[in-house]
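# Kindly generate the corresponding structure for this input.
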Amino acid sequence: MAEPVAAATPRYLKTPDAAIHLGLSARTLEKHRCFGTGPVFRRLGGRIVYAIDDLDAWAALGTRRSTSDPGNGVVHPAKRLPGDCVRR
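Take a look at the predicted model:
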């Protein structure tokens, strides 16, 4: 009798699945990627993928215990950061 094969857990998520993991829309995650304010991503061939550990690490930057807690990091909004120039 063959041994049961354990289901492989995904190490990388495509943008829609990564957005669900973070509780964001896919479009918001795309904007974060364009502005450089989002989690680390990888380009594998023509696909953009996110490591689950990188998603969790980026989300952990926003961890706070209260509204007055400055925290250890900042999760910026999905928009151009002040001082960034527009390349044309």
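
# Any regions of this protein where pLDDT drops low?
1-2, 6, 81-88 (pLDDT under 70).

# Let me see the ranges of the helices in it.
15-22, 26-35, 52-60 (DSSP state H).

# out of those, which comes closest to residue 44?
helix 15-22 (12.4 Å; Cβ to Cβ). (Each C-beta comes from the backbone N, C-alpha and C, glycine too.)

# Give me the buried stretch members for the closest one, please.
15, 17, 18, 19, 21, 22 (16 or more other Cβ atoms under 10 Å).

# helices and strands around it, which ones?
helix 26-35, strand 47-51, helix 52-60 (3 or more Cβ pairs under 8 Å, 6 or more residues apart in numbering; DSSP states H and E).

# rerun at 7 Å
Applying 3 or more Cβ pairs under 7 Å, 6 or more residues apart in numbering; DSSP states H and E, we find helix 15-22 packed against helix 26-35, helix 52-60.

# Just send those back as TSV, with distance to residue 44 and mean neighbour count too.
Shown next, in TSV, are the helices and strands packed on helix 15-22 (distance: least, Cβ to Cβ, whole Å; neighbours: other Cβ atoms under 10 Å):
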stretch	distance to residue 44	mean neighbour count
helix 26-35	14	16
helix 52-60	14	15
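
# Tell me which of those lies nearest to residue 45.
Closest among the helices and strands packed on helix 15-22, using Cβ to Cβ: helix 26-35, at 16.5 Å.
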